[in-house]
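In: 3D model of this:
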Amino acid sequence: MSLSDKIMADMKTAMKNHDKTTLNTVRMIKSALMNEKIKLGHDLTPDEGLTVLNREKKQREESIEEFTKAKRVELVEETKKELAVVEKYMPKQMSREELESAVKETIDEVGAKGKSDFGKVMKALMPKIKGRADGKAASQTVRDQLN
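Out: So this is what the prediction gives:
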């Protein structure tokens, strides 16, 4: 089942269950996917769909941070629910050990020796872990292993 098919099925289920949070979030995801499709001018590949989902996830994570700073508890709770819905469509996240293993493997592949090879390692690593690990965690792990 493609991402758009799954989203449509979940949208119908949310309508039937009168689940406004899920319905609104799924509609936002669908809209973001459609906008990206129009922008690119072709049907989205799975990687492009994942990029859109990552963007939606990141937006909600940033919103949670901002709402927490502003002490807006009701908005934090609502956004956390939205984030859970978005994460449902994302691939399983890598564990810390899996990320460290992927970083070590990539460092060996590119022959990185020190901090100056950071960019080279990240460029090779990111396509491997796209959507399955946070970029900040990946860059920190690369820095740790290059030291």
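In: who are the packing partners of the helix or strand harbouring Leu50?
Out: Using DSSP states H and E, Leu50 maps to helix 46-69. Contact here means 3 or more C-beta pairs under 8 Å, 6 or more residues apart in numbering; DSSP states H and E; on that basis helix 46-69 packs against helix 20-40, helix 73-88. In this view, the C-beta of every residue, glycine as well, is placed from N, C-alpha and C.
In: okay if I get those helices as JSON lines plus distance to Met94 and mean pLDDT?
Out: Output for the helices and strands packed on helix 46-69, formatted as JSON lines (distance: least, C-beta to C-beta, whole Å; pLDDT from 0 to 100):
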{"stretch": "helix 20-40", "distance to Met94": "22", "mean pLDDT": "95"}
{"stretch": "helix 73-88", "distance to Met94": "14", "mean pLDDT": "94"}
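In: tell me which of those lies nearest to Ala124.
Out: With C-beta to C-beta, the closest approach to Ala124 among the helices and strands packed on helix 46-69 belongs to helix 20-40: 24.7 Å.
In: residue ranges with poor pLDDT in this structure?
Out: 1 (pLDDT under 70).
In: if you set the cut-off to 80 instead, what comes out?
Out: Applying pLDDT under 80 to the chain flags the ranges 1, 112, 114, 130-131, 134, 147.
In: middle-most residue in it, spatially?
Out: Nearest to the geometric centre of the chain sits Asn54, at 2.8 Å (C-alpha atoms, centre = their mean).
In: assign Gln145 to helix, strand or coil.
Out: helix (DSSP: H, G, I helix; E, B strand; the rest coil).
In: might one say that Met15 is in contact with Thr22?
Out: No: applying C-beta atoms under 8 Å, one finds Met15 not in contact with Thr22, separated by 9.5 Å.
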